[in-house]
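S.K.: A predicted structure for the sequence below; I have some questions about it.
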Amino acid sequence: MNKPLITRLQMLVAFELDSLEKRLDQARSFHYPSAVAVKFIDSLIEELKQQRLQIKQAISDFLPEYPQRVTNELRSQHRLLINKLTCLDSLKNAQTQNVPWSLVPSIERIASELSQGSQLLTTCTYALNYSIRWYPTPKSPIHQFSILQLPIIHKHNAFLHLLIGHELFHPLLQQFFVTQTPSVVARLKAAISHLNQPPAKNRLDKLVEFVRYAWQRAIEELMCDMGCAILFGPAAVFASIAFQMGSNLDEAPSSDGSFYPPPRYRIREVMHRVFGESVIGEAEQFHAGLEGTATTPIQKLAALLKEDERTSWAADILSEHRETILREIRKNDDLVPINQNPLLKTAYEEVQAVLPDAWNYIRQIATSAGMVWLSTIDEVPFLLRSLELLVPPGEIRDTKAPGQTKSPSLPSIAIATWLYQLKCEASVDASLEQAMKSYSRCCRLMLKGFEDVELRREYDAGKDAFQQMEQLP
Amino acid sequence: MPIADRQILGELVDCADIAVRAAGQLQLFMIGKPIRDRQVLERVAEFLSAAEAGGIFMSCGDSANLHASLRPLNWAVDTRMNEGGLEQGEFKETDYQSLTEYLRRMRSTVEDLLEGNRPNNAAIEECMRFFDSLGDDLGTRADQHVRGTSLPCSSLASF
């Protein structure tokens, strides 16, 4: 490439660098619900400085003798810049006015309890999905940040936001894959080589990677589903079903669809592994050992709710919904397309082989972080009684300290509000308009409950600090 | 049955950048200038090591060092084929073996440089050619996904 064309390319990249930096500077002046956004902006600006430096060095090192090398470096920097542009969207949609701001402190707290030192930027996206982007092996300061995206159209839909629990587990799985991959790929390669009608084998490495990726994506999603269910209990399943109902429950995993496992498959695995439910039915032939435990955790919660006549309605609703879900997951429509495709069948046989280890791995993470829904289910009946009076579920009586109140756990708030919402939905005489009003009210109650918990936490932390200061000489 | 590039776009862009910058550092060394960016050579050595682990697995079935994806190997084979170093058509175990040897040789060259040794010029040129091709291949693939496209919102009107 000759000098004038290199100058054009250089100007293009320099313009983009300036433009991005100005926009980042402007983004700093907006209001965000936490300090993470500004730290993120600072790290991005630092990255841009590094890019400028690299360009300057490439030009001084290689011009005029090696113009092609300068061209390559400039094009690469251009590509890195273009790839950073999505950060502007993320920042715009992370502003306080654009995110469910009252939820952000709770999200950051759960994230830090699961993985200390995480820097999580919560933002919204026009895509209809909850997602997280993170760097498995950070190589620069910007890689310390993870970006959590919520669908903007569901900004106020607190019931779905429990799926954030699923996303927070994604960055925590790397060690599991490091341990499992060597044996899994060996089995996958052997299985592919023994297929009766193997697909074209001119690039076996690509074929094995294709199946390995399908396996990894399935396991990732299933592990995160299980993690979310350990955090939020049955509320996670209600949220997942509510979200998945917009698509085909039996959609086959595909490259176009990012290899998501079929929703029915995901719900079945969660119900079985996390809640010990028996899912024996049409799916029996595919899954091994699907018998459940004698009294499942969901039945345990139902029994607790049944003890008090003021909350026994919730026990009935919970049992009814449990039965509905079990009926759905005992169908095997999701397994048909998987079994028909030899590569997917191979991947999913391996999914089944490692799921017990995957479940143990996830359970260990959640348990060490002290985040298991079952440990606070005794709070649910109290919160249900508050909700019946339209009082936000953000405070309960402290049974250990008479006259005092305490904050309930986030899972208890989520479960109680979901059960209350299901009761509202079951009301036969409600019109859709009334039902929507009630749904919005329940969303606000849940968000207010979460907000109250975090406010109290802040207040208690401030009070403790103040008392310590008073004791100073 | 490839994995869609758009799903791994960030990985493509990063890997292309490392390859381009590593080739630049090798060029500096060839013209007698000091290497400025050791980190990029360390990262390219990691890439070669991962691709080599994939090659060992594909040639003799040993997966002990394969802890992540086979993508570094996939990309190395693509690049080698585009360079003309490997024949198109069915790819056999022996082909993976020779590719693994090639990758090992390049990793050793990069590690020599990192340790302050001086590899011979032919070895450095070989690495430089490979990284230039890798950067070009992956960069071109990434470019196809960072551009927006003009498309009709719906084709119903044409029925």
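M.R.: Cool, got the structure.
S.K.: Could you tell me which ranges of chain B sit under the pLDDT cut-off?
M.R.: B:1-3, B:85-89, B:154-159 (pLDDT under 70).
S.K.: Apply 90 and report the result again.
M.R.: Along chain B, the model assigns pLDDT under 90 to residues B:1-10, B:34, B:63-67, B:81-95, B:118, B:144-159.
S.K.: remind me, longest helix of it?
M.R.: helix B:121-146 (DSSP state H).
S.K.: which residue packs closest to the residue nearest the centre of chain A, ignoring adjacent ones?
M.R.: What sits nearest the mean C-alpha location of chain A, by CA atoms, centre = their mean, is residue A:167, with 1.4 Å. Spatial nearest neighbour of residue A:167, excluding adjacent residues (CB to CB, 6 or more residues apart in numbering or on different chains): residue A:132 at 4.1 Å. The way it works is simple: take the backbone N, C-alpha and C, and place the C-beta from them, glycine included.
S.K.: The one you found belongs to a strand?
M.R.: Yes - with DSSP: H, G, I helix; E, B strand; the rest coil as the criterion, residue A:132 is located in a strand.
S.K.: count of neighbours near it?
M.R.: Neighbour count of residue A:132, defined by other CB atoms under 10 Å in any protein chain shown: 19.
S.K.: pretty sure it is in contact with residue A:172, am I right?
M.R.: No - with contact defined as CB atoms under 8 Å, residue A:132 does not reach residue A:172; the gap is 10.7 Å.
S.K.: Show the contacting residues for residue A:9.
M.R.: Applying CB atoms under 8 Å, 6 or more residues apart in numbering or on different chains, one finds that residue A:9 lies in contact with A:1, A:71, A:74, A:75, A:78.
S.K.: any idea how far residue A:187 is from it?
M.R.: Using CB to CB, to the nearest Å, residue A:9 is found at 48 Å from residue A:187.
S.K.: Could you do residue A:341 as well?
M.R.: Going from residue A:341 to residue A:187 by CB to CB gives 18 Å.
S.K.: Then residue A:119?
M.R.: Note on residue A:119: its distance to residue A:187, by CB to CB, is 37 Å.
S.K.: neighbour-wise, which of the two wins?
M.R.: residue A:119 (21 against 16).
S.K.: Could you count how many residues lie near the residue nearest to that one when sequence neighbours are not counted?
M.R.: In space, and not counting its chain neighbours, residue A:119 is closest to residue A:145: 4.7 Å by CB to CB, 6+ apart. Residue A:145: 22 surrounding residues under other CB under 10 Å.
S.K.: Show the pLDDT at residue A:145.
M.R.: pLDDT recorded at residue A:145 is 93.
S.K.: My guess is it contacts residue A:36. True?
M.R.: Yes - between residue A:145 and residue A:36 there is a contact under CB under 8 Å: 7.4 Å.
S.K.: Which neighbours do those two have in common?
M.R.: Shared contacts of residue A:145 and residue A:36, counting by CB under 8 Å, 6+ apart, come down to A:119, A:120, A:121.
S.K.: Tabulate these (JSON lines), appending secondary structure.
M.R.: Below are these laid out as JSON lines (three-state DSSP):
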{"residue": "A:119", "secondary structure": "strand"}
{"residue": "A:120", "secondary structure": "strand"}
{"residue": "A:121", "secondary structure": "strand"}
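S.K.: quick one: which of these is nearest chain B?
M.R.: Set against chain B, the nearest of the shared contacts of residue A:145 and residue A:36 by CB to the nearest CB is residue A:121 (15.9 Å).
S.K.: how many other residues sit next to that closest one?
M.R.: Count around residue A:121 with other CB under 10 Å applied: 24.
S.K.: Go ahead and confirm it touches residue A:149.
M.R.: No - in terms of CB under 8 Å, residue A:121 does not count as a neighbour of residue A:149; the distance is 9.3 Å.
S.K.: Which residues are in contact with each of those two?
M.R.: residue A:90.
S.K.: residues of the helix or strand hosting residue A:314 that come out buried?
M.R.: According to DSSP states H and E, residue A:314 maps onto helix A:312-329. Residues of helix A:312-329 classed as buried by neighbour count (16 or more other CB atoms under 10 Å in any protein chain shown): A:313, A:314, A:315, A:317, A:318, A:319, A:321, A:322, A:325, A:326, A:328, A:329.
S.K.: Can you tell me how far the last one is from residue A:373?
M.R.: It refers to residue A:329. Counting by CB to CB, the separation of residue A:329 from residue A:373 is 20 Å.
S.K.: just to revisit the earlier point, buried ones only from the contacts of residue A:9, please, as a ChimeraX command.
M.R.: Buried residues within these, by 16+ other CB under 10 Å, are selected in ChimeraX with:
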select /A:71,74,75,78
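S.K.: could you pull out the helices for the stretch 201-350 of chain A?
M.R.: For the stretch 201-350 of chain A, the helices defined by DSSP state H, counting those that start in this stretch occupy A:204-232, A:234-244, A:263-273, A:297-306, A:312-329, A:335-340, A:342-368.
S.K.: Then chain B?
M.R.: Counting by DSSP H, chain B has helices at residues B:9-30, B:38-60, B:71-83, B:93-114, B:121-146.
S.K.: Name all residues that make contact with residue 12.
M.R.: All of this is about chain A. residue A:78.
S.K.: switch to chain B, that's the one I care about
M.R.: For residue B:12, the contact set (CB under 8 Å, 6+ apart) comprises B:5, B:138, B:139, B:141, B:142, B:145.
S.K.: Among those residues, name the buried ones.
M.R.: B:138, B:139, B:141, B:142.
S.K.: any common contacting residues for residue A:132 and residue A:172?
M.R.: In contact with both residue A:132 and residue A:172: no residue, using CB under 8 Å, 6+ apart.
S.K.: Check the secondary structure at the residue nearest to residue B:31 when sequence neighbours are not counted for me.
M.R.: Closest residue to residue B:31 apart from its sequence neighbours, by CB to CB, 6+ apart: residue A:65 at 7.7 Å. Recorded secondary structure, residue A:65: coil (three-state DSSP).
S.K.: for residue A:156, same thing?
M.R.: Going by three-state DSSP: residue A:156 is coil.
S.K.: C-alpha coordinates for stretch A:255-274, CSV please?
M.R.: Taking C-alpha atoms only, stretch A:255-274 is exported to CSV below (Å, rounded to 0.1, in the frame of the first residue of the first chain):
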residue,chain,number,x,y,z
SER,A,255,-25.1,-23.0,15.5
ASP,A,256,-27.5,-20.2,14.5
GLY,A,257,-29.1,-20.4,18.0
SER,A,258,-25.9,-20.3,19.9
PHE,A,259,-26.3,-24.0,20.8
TYR,A,260,-28.9,-23.3,23.6
PRO,A,261,-30.3,-26.6,24.8
PRO,A,262,-34.1,-26.9,24.3
PRO,A,263,-36.0,-25.0,27.1
ARG,A,264,-37.9,-28.2,28.0
TYR,A,265,-34.6,-30.0,28.5
ARG,A,266,-33.3,-27.2,30.7
ILE,A,267,-36.3,-27.1,33.0
ARG,A,268,-36.3,-30.9,33.2
GLU,A,269,-32.7,-31.0,34.4
VAL,A,270,-33.2,-28.2,37.0
MET,A,271,-36.3,-29.9,38.4
HIS,A,272,-34.5,-33.2,38.7
ARG,A,273,-31.0,-32.1,39.8
VAL,A,274,-31.8,-29.1,42.0
